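Trainee: below: sequence and its predicted model.
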Amino acid sequence: MRKLALALLCLLSFAVAAHDMPGMHMASGPGLGASAAFDAHGRLWVVDAADGHVRIRHSDDLGKTLSAPVDVNAVAEPIYDSGENRPKIAFGPKGELYVSWSQPLAKPWSGYVRFARSLDGGAHFSAPITVHHDLAVITHRFDTLAVDGQGRVVLAWIDKRDLEAAKAKGQPYLGAAVFYSWSNDEGKSFVPERKVMDNSCECCRITLARTPDGGIAAFFRGVFGDNIRDHAYALLPTDGSAPHAERATFSNWHIAACPEQGPGLAIGDDGTRHAVWYEASQGPAIWYGQLDPGHPPQHALKLAGPGASHADVAAHGSTVWLAWNQVDAKGYSLMLRVSRDGGLHFGAPSAIASSSAAVGSPQLLVLQDHAYVAWNAADGFRLIPAEAR
Amino acid sequence: MRCSALAAVLALALPSFAHAGAPTSLSAAEVPALLKPPAHGVRIIAIWSLDCAYCEANMQALAKLQHAHPREIELVTVATDDIGQSAAIEARLGAAHMGGYPARAYAEASPGRLDFMIDPGWGGETPRTEIIRADGSRQGITGEITETQLDKLP
């Protein structure tokens, strides 16, 4: 009888542990949430998650072959790796590799933002640390990672501490908040987190981009007024001053729902803020525009309608690339549009790849004046040249 | 190790206990059957996702309506998360007292294709309520359903 009771207890513990891991694929295969980036030497790095480990691989032949994976976290832990969540990678000025991810906790929607670094070219990683000082079992997830012009590691994420505080007082609070932190010591430690804006969307990725003067800007979906799901833009200061977020899109999409589609941002050398975003005020649509915070975007262009999703943008000189997924009943097409005049005019959309298997969000990468799209499909990772070479 | 072995043996011996209320997968090929008009009354498909903060309240409002009209309304829940997350989906449905309804979960690792097949005019935001009537008419509602919208159902 005691053995049966012990077994039941064990089974219950196992079941509870399994149930507490949303975002972690219990079938143990890798999820589609992957990130890719070129380092300063043109080596491609890819991070994703499998079996409770963030794993990193590299390629010296533009993604045709990938190295054996190296585990970033030696001790397995739950990892969000689907939907708008994916492990992130960025590089420091001296070749440091920085990796972040979100770790699901026991309660629904809860998580911690985790971080590890490698100072030996990706051979070994530091033990992961939790970036934020607030350790309540609430939402701290949808992490985003960037390195500024001074080598500071900047992380932003969606955080529900103010929602929880408002609920405790019986006060209304729409959405969540965006918080950020940074490291002045190559990722060894992070300063106490600061709030970027109250009332952000709860389940959409944040995008970070470097400004021409080396700062980091954030672009993310907010909740304005009574559940209007437009976007906000904010610089993330690292000098102690307070961030100032401003509404930057004005679609007036009013909805009490999770779009699960965050925006994209690339800032040109001239400071032009090239952005892409999704909204469905008049049916599903993805848009390009140049942000003018506080005012509607300039040169707004509807890129596509039903079936289009998860756009990304990259800019280099006067060239602007836009990529997105276009789906129909047969599967997915990877779509591309290119502008050669700084985003004033774009060429016709073209399908540069297709997949009958499920795909993750496309990610535009620039290497030596050329753009590539990292496209992670259920049947494997692909790096696709944006234009024939 | 001993604990894990015992649990594994028991899980194998009691599959019904381990999987009670687990969602069944929804593949692309199965979407037409899900959308086929019911013989009578209304089928309401409550589409939700693990990341969605509005979905449990939406499902519960629809369940209350179904409870009031058990003969007219057939309620099915569909999670847009990959069936690989079956355990988390089942646990969340159970915690929301939704475990008694037929539950499906996407058989694909990303939701775009199945979203499009269910309704090309829907971009995948959740909650989404699909209402399919016996006369073949359909209605889709994105976002948490309002009292006014509920009053017009079934």
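Mentor: Received the coordinates, thanks. What you see is a predicted model, and the numbers here were worked out from it, not measured in a lab. Numbering: from 1, shown residues only, chains lettered A, B, ... in the order given.

Trainee: what helices or strands is the helix ranked longest in chain B leaning on?
Mentor: The helix spanning the most residues in chain B, taking DSSP state H as the definition, is helix B:55-68. Counting contacts by 3 or more C-beta pairs under 8 Å, 6 or more residues apart in numbering or on different chains; DSSP states H and E, helix B:55-68 packs against strand B:42-48, strand B:73-82. Every residue, glycine included, has its C-beta placed from N, CA and C.

Trainee: can you say which of these is nearest to A:F38?
Mentor: strand B:73-82 (29.3 Å; C-beta to C-beta).

Trainee: may I have the closest one as CSV, with CA atoms only?
Mentor: The C-alpha coordinates for strand B:73-82 follow below in CSV (Å, rounded to 0.1, in the frame of the first residue of the first chain):
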residue,chain,number,x,y,z
ILE,B,73,-25.2,24.3,-28.8
GLU,B,74,-22.3,22.0,-29.4
LEU,B,75,-19.1,23.5,-27.9
VAL,B,76,-15.6,22.4,-29.0
THR,B,77,-12.4,24.0,-27.7
VAL,B,78,-9.4,24.3,-30.1
ALA,B,79,-6.0,25.3,-28.9
THR,B,80,-3.7,26.8,-31.5
ASP,B,81,-0.7,25.4,-29.7
ASP,B,82,1.1,22.4,-31.0
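
Trainee: okay, now A:A50: neighbour count?
Mentor: If you count neighbours by other C-beta atoms under 10 Å in any protein chain shown, A:A50 ends up with 17.

Trainee: and the residue nearest to the spatial centre of chain B, how far is that from B:L93?
Mentor: What sits nearest the mean C-alpha location of chain B, by C-alpha atoms, centre = their mean, is B:T77, with 1.5 Å. Counting by C-beta to C-beta, to the nearest Å, the gap from B:T77 to B:L93 is 7 Å.

Trainee: hey, what's in contact with both of those two?
Mentor: B:P23, B:Y101, B:A103 (C-beta atoms under 8 Å, 6 or more residues apart in numbering or on different chains).

Trainee: how about the helices in chain B?
Mentor: According to DSSP H, the helices that chain B contains are B:2-13, B:15-19, B:31-35, B:55-68, B:86-95, B:112-118, B:147-151.

Trainee: quick one: residues in contact with the last one.
Mentor: Residues outside helix B:147-151 that contact it (C-beta under 8 Å, 6+ apart) are B:A61, B:L65, B:I141.

Trainee: how distant is that helix from the center of its chain?
Mentor: Taking C-alpha atoms, centre = their mean, to the nearest Å, the mean C-alpha location of helix B:147-151 is offset from the chain mean by 20 Å.

Trainee: okay, that helix in PDB with CA atoms only?
Mentor: Extracted in PDB, the C-alpha atoms of helix B:147-151 (Å, rounded to 0.1, in the frame of the first residue of the first chain):
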ATOM      1  CA  GLU B 147     -22.600  40.200 -23.400                       C
ATOM      2  CA  THR B 148     -24.300  41.800 -26.500                       C
ATOM      3  CA  GLN B 149     -22.700  39.200 -28.700                       C
ATOM      4  CA  LEU B 150     -23.600  36.400 -26.400                       C
ATOM      5  CA  ASP B 151     -27.200  37.500 -26.200                       C
END
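
Trainee: how much space between A:D71 and A:S102?
Mentor: Applying C-beta to C-beta to A:D71 and A:S102 gives a distance of 17 Å.

Trainee: quick revisit: out of the helices and strands packed on helix B:55-68, which is closest to A:D185?
Mentor: strand B:73-82 (38.1 Å).

Trainee: the closest one pairs with which strands, and in what direction?
Mentor: Partners of strand B:73-82 in the sheet, by DSSP bridges, are strand B:42-48 (parallel), strand B:103-106 (parallel).

Trainee: so can I have JSON lines of the ones you listed showing mean pLDDT?
Mentor: Putting these into JSON lines (pLDDT from 0 to 100) gives the following:
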{"stretch": "strand B:42-48", "mean pLDDT": "98"}
{"stretch": "strand B:103-106", "mean pLDDT": "97"}
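
Trainee: export the ones you listed to JSON lines and tack on mean neighbour count and distance to B:W122?
Mentor: Converted to JSON lines, the strands paired with strand B:73-82 look like this (neighbours: other C-beta atoms under 10 Å in any protein chain shown; distance: least, C-beta to C-beta, whole Å):
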{"stretch": "strand B:42-48", "mean neighbour count": "25", "distance to B:W122": "9"}
{"stretch": "strand B:103-106", "mean neighbour count": "25", "distance to B:W122": "14"}
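
Trainee: need those strands in a markdown table with distance to A:R114, can you?
Mentor: Converted to a markdown table, the strands paired with strand B:73-82 look like this (distance: least, C-beta to C-beta, whole Å):
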| stretch | distance to A:R114 |
| --- | --- |
| strand B:42-48 | 27 |
| strand B:103-106 | 27 |
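
Trainee: show me what contacts A:P69?
Mentor: If you count contacts by C-beta under 8 Å, 6+ apart, A:P69 has them with A:A50, A:R55, A:I56, A:R57.

Trainee: hang on, isn't the third one packed against A:G122?
Mentor: Yes - A:I56 is within contact range of A:G122, at 5.7 Å (criterion: C-beta atoms under 8 Å).

Trainee: quick one: which of these two has more around it?
Mentor: The residue with more neighbours, out of A:I56 and A:G122, is A:I56; 23 against 20, by other C-beta under 10 Å.

Trainee: contact partners for the more buried one?
Mentor: Listed by C-beta under 8 Å, 6+ apart, the contact set of A:I56 reads A:W45, A:V46, A:V47, A:P69, A:V70, A:V72, A:I89, A:L97, A:V99, A:G122.

Trainee: any part of stretch B:109-122 near chain A?
Mentor: Yes - with C-beta under 8 Å from any C-beta of the partner chain as the measure, stretch B:109-122 is seen reaching chain A through B:A109, B:S110, B:G112, B:R113, B:D115, B:F116, B:M117, B:P120, B:G121, B:W122.

Trainee: OK, contacts around the fourth one?
Mentor: This means B:R113. A:V327, A:D328, A:A329, A:G331, A:Y332, A:A358, B:A28.

Trainee: could the residues you listed be laid out in TSV, adding distance to A:L62?
Mentor: Rendered in TSV, the data for the contacts of B:R113 read as follows (distance: C-beta to C-beta, whole Å):
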residue	distance to A:L62
A:V327	26
A:D328	29
A:A329	32
A:G331	24
A:Y332	21
A:A358	23
B:A28	32
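
Trainee: nearest to A:Q368, of the residues you listed?
Mentor: A:Y332 (28.0 Å).

Trainee: ok but the closest one is inside a helix, no?
Mentor: No - per DSSP: H, G, I helix; E, B strand; the rest coil, A:Y332 lies outside any helix segment and is strand.

Trainee: can you read off the pLDDT for B:C3?
Mentor: At B:C3, the model reports a pLDDT of 42.

Trainee: coming back round to it: just the buried ones from the residues of stretch B:109-122 next to chain A?
Mentor: Buried by 16 or more other C-beta atoms under 10 Å in any protein chain shown: B:A109, B:S110, B:G112, B:R113, B:D115, B:F116, B:M117, B:P120, B:W122, out of the residues of stretch B:109-122 next to chain A.

Trainee: ignoring the adjacent residues along the chain, who's closest to the third one?
Mentor: Beyond its immediate neighbours in the sequence, the residue positioned closest to B:G112 (C-beta to C-beta, 6 or more residues apart in numbering or on different chains) is A:V327, lying 4.3 Å away.

Trainee: counting contacts, what elements does the strand or helix carrying that neighbour pack onto?
Mentor: Assessed by DSSP states H and E, A:V327 sits inside strand A:319-328. Contact analysis of strand A:319-328 by 3+ C-beta pairs under 8 Å, 6+ apart lists strand A:273-279, strand A:295-304, strand A:308-316, strand A:331-339, strand A:363-367, strand A:370-377, helix B:112-118 as its packing neighbours.
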